[in-house]
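A.B. asks: what would the 3D arrangement of this be:
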Amino acid sequence: MNIVKQPYWLSTNLFKLTIVIALLWSFNLLAQSDTVGINNKKRQNLCYAVGLGGSAVVHAGLYQMWYKDYPSSSFHFINDNRQWLQMDKFGHAYSAYYLSYTGIEAAQWAGVSKKNQWKWGLFGLIFQTPIEVFDGFSAGWGASTGDLIANTFGSALCIGQHALWQEQKFTMKFSYSPSSYRKERPNVLGNSFLTGLSKDYNGQTYWLCYSPLKNTKIDFLGLGLGYGANGLLGGTENKWEDQNKQLVDRTDVKRYRQYYLSLDYNLTKIKTNNKTLKKILFVLNCIKLPSPALEFSNQRFKGHLLKF
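C.D. replies: Residues are numbered from 1 along each chain as shown. Presented below is the predicted three-dimensional model:
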């Protein structure tokens, strides 16, 4: 049986990314003020109120609108690590990475000292962990060790780099291209582009990108290592019951992993004096833009003129 752990509209990567983009835009705008770097207690308190208070409100609403109506139990764990060929775990890491990034941006705006800014990156775990706690006390689900590990990895990737280098040399990115499998199970994989963006794991790719060129005219060029999967019509197998309780067997569809090596574009390296354009490039850099790529899957290599 495939378990849908949380309500689509609130707990998916799409929802969390919307929050992250809004916060990143705001703090990147504010971070350009002349007072950055000056310890500002009022700004720090405002960040506490928005970050911690907002998270508490969001999770309280989530509990009331979803978990409250389902049977509870003693806290327990489940092992869902085999589901979706771990694509959902990459989604957790991606969300945690940018939620931590948001916390560090807030610290810079609030004038927190450089040696302490990394601590604000813990916002990624602070936001993500309560969902696993809710799951752990729900009889129909359970806390996922895989989700917790993925959340920790995403936050650690962001926090560790800032603590070491005061910058993100390696960034996580996301790309999506709708798959044909979405039409077979629209209730599970999404019935539109937006729902598919979050639920159609066959069309998603997660990337770790690095820009090795420094202080050159093409220092925005980099490399990206990508991970994706295909043939996923169910969490652990391609069998399910339809609305009429009839077994649908699509085990003829092969489930497999995809690995990519691709060019990447670090949009934050593009030089411009336009502040609005800078903010747009800053937010768009969360997304992996189409570029040539080499794919390895099914024991063979395949080239893509443009991979998205």
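
A.B. asks: make it CA atoms for all contacts and neighbour counts henceforth
C.D. replies: OK.

A.B. asks: contacting residues for W165?
C.D. replies: For W165, the contact set (C-alpha atoms under 8 Å, 6 or more residues apart in numbering) is empty.

A.B. asks: check the gap between it and L99 for me.
C.D. replies: 19 Å (C-alpha to C-alpha, to the nearest Å).

A.B. asks: equivalent analysis for N238, please.
C.D. replies: Distance, N238 to L99, using C-alpha to C-alpha: 33 Å.

A.B. asks: out of the two, which sits in the busier spot?
C.D. replies: Remark: of N238 and L99, L99 carries more neighbours, 30 against 17, as counted by other C-alpha atoms under 10 Å.

A.B. asks: which positions in the host helix or strand of that one come out as buried?
C.D. replies: Using DSSP states H and E, L99 falls within helix 87-109. Residues 87-109 are the ones in helix 87-109 that count as buried (16 or more other C-alpha atoms under 10 Å).

A.B. asks: that one - contacts with which helices or strands?
C.D. replies: Other helices and strands packing on helix 87-109, by 3 or more C-alpha pairs under 8 Å, 6 or more residues apart in numbering; DSSP states H and E, are helix 13-30, helix 41-48, helix 123-136, helix 145-165, strand 170-176, strand 204-210.

A.B. asks: with mean pLDDT added, can I get those in TSV?
C.D. replies: Converted to TSV, these look like this (pLDDT from 0 to 100):
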stretch	mean pLDDT
helix 13-30	54
helix 41-48	87
helix 123-136	91
helix 145-165	96
strand 170-176	95
strand 204-210	97
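
A.B. asks: deepest of the ones you listed, which one?
C.D. replies: Of the helices and strands packed on helix 87-109, the one with the most neighbours on average (mean count of other C-alpha atoms under 10 Å) is strand 204-210, at a mean of 23.

A.B. asks: ok, then the element right after that strand?
C.D. replies: strand 221-230.

A.B. asks: isn't H76 right up against G140?
C.D. replies: No. At 10.6 Å, H76 does not count as touching G140 under the criterion of C-alpha atoms under 8 Å.

A.B. asks: doesn't H59 fall inside a helix?
C.D. replies: Yes. The assignment for H59 (DSSP: H, G, I helix; E, B strand; the rest coil) places it in a helix.

A.B. asks: any idea how far it is from F153?
C.D. replies: Distance from H59 to F153, by C-alpha to C-alpha: 22 Å.

A.B. asks: could you do M65 as well?
C.D. replies: Going from M65 to F153 by C-alpha to C-alpha gives 29 Å.

A.B. asks: one more: G235?
C.D. replies: 22 Å.

A.B. asks: circling back: okay, the helices and strands packed on helix 87-109 in CSV with distance to T268 next?
C.D. replies: Supplementary listing: the helices and strands packed on helix 87-109 in CSV, determined by distance: least, C-alpha to C-alpha, whole Å:
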stretch, distance to T268
helix 13-30, 12
helix 41-48, 24
helix 123-136, 22
helix 145-165, 16
strand 170-176, 11
strand 204-210, 12
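
A.B. asks: of those, which is nearest T272?
C.D. replies: helix 13-30 (14.8 Å; C-alpha to C-alpha).

A.B. asks: tell me the SS of the nearest residue to G190 once chain neighbours are set aside?
C.D. replies: Among residues not flanking G190 along the chain, G196 sits closest, at 4.2 Å (C-alpha to C-alpha, 6 or more residues apart in numbering). G196 falls in the helix class when you classify it by three-state DSSP.

A.B. asks: which residues does G196 contact?
C.D. replies: Shown in contact with G196 (C-alpha under 8 Å, 6+ apart): 178, 182, 189-190.

A.B. asks: before we move on, the earlier item: any idea how far the helix holding L99 is from the chain center?
C.D. replies: 7 Å (C-alpha atoms, centre = their mean, to the nearest Å).

A.B. asks: what is the mean pLDDT for that helix?
C.D. replies: The average pLDDT for helix 87-109 rounds to 92.

A.B. asks: which stretches of the stretch 201-308 of the chain form strands?
C.D. replies: Ranges of strands in the stretch 201-308 of the chain, per DSSP state E, counting those that start in this stretch, are 204-210, 221-230, 239-241, 247-249, 256-265, 291-297, 300-307.

A.B. asks: each with direction, which strands does the first one pair with?
C.D. replies: On the basis of DSSP bridges, the sheet neighbours of strand 204-210 come out as strand 170-176 (antiparallel), strand 221-230 (antiparallel).

A.B. asks: for K302, which non-adjacent residue is closest in space?
C.D. replies: The shortest distance from K302 to any non-neighbouring residue, by C-alpha to C-alpha, 6+ apart, is to E295 (5.0 Å).

A.B. asks: is it true that the one you found touches K307?
C.D. replies: No. Checked against C-alpha under 8 Å, the pair E295 and K307 is beyond contact range at 9.3 Å.
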